[in-house]
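Got a predicted model here, sequence first, then my questions.
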Amino acid sequence: MHAGTKYIPTFIAAIESGSFLRAAEALHITPSTVSYQIKQLEQWIGAPLFERTGRKVLPTALGERLAGICGRFMGELTALKIAAHGSEGSERPVLRIATGSSFGRYVLTPLLQAPQFERAVVELRFGTDEQVWSAVANGRADAGFAYTVGPSNVLAYELIYTYPLVLITAHGRTVPRDPASWIANHPFITYDDCEPTFGRWFETNLGGMPRQLRTTGHCTEIEETVALVAAGRGLSIVPGHTLTAALRAKQVREIRLQGKPATTDTVFHVMRAGSFQDPTLHSLLQQLVPLACP
């Protein structure tokens with residue numbers, strides 16, 4: 001095996017996270033080490049694998065091809081590992097799903113815990129919409145769930161789920177009777193990839209984003225965001241399906257604007273055009289449709 005291939009795990013981590021910094025955190029190495037290893041792999045391949053745009057990195061066409069090869073290899077390797085546990089395991093192929101974090105954690109995971117899926121072998125990978133599109137297009141995932149539709153010649157999209165976007169504050173916080181201006185000038189807690197969510201809510205309720213959104217904290221996950229809101233650090237806008245426990249425990253409450261319709265967002269099933277639909281995936285999609293909000 002050529003020495004260059006030892007940096008493939010670093011390449012996969014960078015692809016899945018979209019950032020050398022996050023790849024370094026996942027691998028417990030420094031960002032400079034990630035950058036060095038990627039450069040070594042690029043020198044061995046003979047061409048760039050990533051385009052650097054600030055803190056984010058996007059795979060080049062060659063990087064996309066390599067990611068597809070790695071995805072197919074890892075899928076086969078996982079299936080082989082399952083088959084090694086006996087003939088029963090060999091009949092249970094792995095269903096690889098790429099999805100947005102909140103939808104994967106709060107909607108898909110509870111559904112997959114149902115008895116009808118107890119024999120299914122499902123691998124969930126969380127990422128941004130761009131990472132979901134890329135994983136499905138290049139064979140690193142069998143199916144995906146994304147909040148938006150991206151331009152592609154190989155992907156097909158199906159609207160599969162809608163959910164409310166909820167503006168929240170600490171449960172005991174006093175809110176003005178007409179809170180529009182108060183909201184626009186109030187500090188917010190943001191989280192990774194919250195821009196589309198915030199943009200849609202503000203457009204629906206206040207005609208657009210404030211010129212300057214004040215923030216008093218930024219989190220990686222929504223759980224952390226809700227905890228900071230509950231502590232009175234600011235407001236936030238989150239998917240309604242992430243709030244069940246916090247609302248029940250009276251940690252946060254919803255702020256509604258009179259005369260404004262409920263703000264909803266969407267989830268699309270992402271698939272390669274003309275691909276075969278796995279029976280487990282078909283059953284999961286059937287469970288999702290009744291859950292969709294009107």
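Cool, got the structure.

from here on, contacts and neighbour counts on C-alpha atoms
Will do.

State the phi and psi torsions of the residue nearest to Asp129 when sequence neighbours are not counted.
Closest residue to Asp129 apart from its sequence neighbours, by C-alpha to C-alpha, 6 or more residues apart in numbering: Ala146 at 5.2 Å. The phi and psi torsions at Ala146 (degrees, to the nearest 10) take the values phi -130, psi 160.

wait, doesn't Ala146 sit right on Val267?
Yes: using C-alpha atoms under 8 Å, Ala146 is in contact with Val267, at 5.5 Å.

So which of these two has more stuff around it?
Ala146 (26 against 22; other C-alpha atoms under 10 Å).

Name all residues that make contact with the more buried one.
By C-alpha atoms under 8 Å, 6 or more residues apart in numbering, the contact list for Ala146 reads 99-100, 128-129, 132-133, 267-270.

Closest one of those residues to Val238?
Gly100 (13.3 Å; C-alpha to C-alpha).

count of residues packed around the closest one?
Count around Gly100 with other C-alpha under 10 Å applied: 22.

Now do the helices in the stretch 101-250 of the chain.
Along the stretch 101-250 of the chain, the stretches classed as helices by DSSP state H, counting those that start in this stretch are 101-103, 109-112, 129-137, 180-184, 195-206, 222-230, 244-248.

Point out where the stretch 101-250 of the chain drops to low pLDDT.
Judged against pLDDT under 70, the stretch 101-250 of the chain has no low-scoring part.

Hmm, Asp193 and His218 touching each other?
No: the pair His218 / Asp193 is not scored as a contact, 10.8 Å apart, by C-alpha under 8 Å.

Would you mind finding the longest strand in the chain?
Longest strand of the chain, by residue count under DSSP state E: strand 155-170.

Can you list the strands that that one pairs with?
strand 236-239 (antiparallel), strand 252-254 (antiparallel), strand 264-272 (antiparallel) (DSSP bridges).

Now do the longest one, average pLDDT.
Over the span of strand 264-272, the pLDDT mean works out to 91.

And the next helix or strand past it?
helix 279-291 (DSSP states H and E).

Tell me the helices and strands packed up against that following helix.
helix 109-112, strand 155-170 (3 or more C-alpha pairs under 8 Å, 6 or more residues apart in numbering; DSSP states H and E).

a markdown table for those, including distance to Leu285 and mean neighbour count?
A markdown table is the format used below for the helices and strands packed on helix 279-291 (distance: least, C-alpha to C-alpha, whole Å; neighbours: other C-alpha atoms under 10 Å):
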| stretch | distance to Leu285 | mean neighbour count |
| --- | --- | --- |
| helix 109-112 | 10 | 14 |
| strand 155-170 | 8 | 20 |
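
so which of the ones you listed gets nearest Cys70?
Of all these, strand 155-170 comes closest under C-alpha to C-alpha, at 19.3 Å.

angle of that closest one against helix 195-206?
60 degrees (axes from the mean of the first three to the mean of the last three C-alpha atoms, to 10 degrees).

and the angle for strand 155-170 with helix 222-230?
Using the same axes, to 10 degrees, strand 155-170 lies at 20 degrees relative to helix 222-230.

List the contacts of the residue nearest the centre of the chain.
Geometric centre of the chain, nearest residue: Gly100, 1.9 Å, by C-alpha atoms, centre = their mean. With contact set as C-alpha under 8 Å, 6+ apart, Gly100 has these partners: 126-129, 132, 145-147.

and of the residues you listed, the nearest to Leu167?
Tyr147 (18.4 Å).

How much space separates the residue nearest to that closest one when sequence neighbours are not counted from Thr148?
Nearest residue to Tyr147, sequence neighbours excluded (C-alpha to C-alpha, 6+ apart): Val267, at 4.5 Å. Counting by C-alpha to C-alpha, to the nearest Å, the gap from Val267 to Thr148 is 7 Å.

Measure how buried Val122 is and give me the count.
17.

Could you measure from the closest residue to it other than its chain neighbours over to Arg233?
The shortest distance from Val122 to any non-neighbouring residue, by C-alpha to C-alpha, 6+ apart, is to Leu95 (4.8 Å). Counting by C-alpha to C-alpha, the gap from Leu95 to Arg233 is 40 Å.
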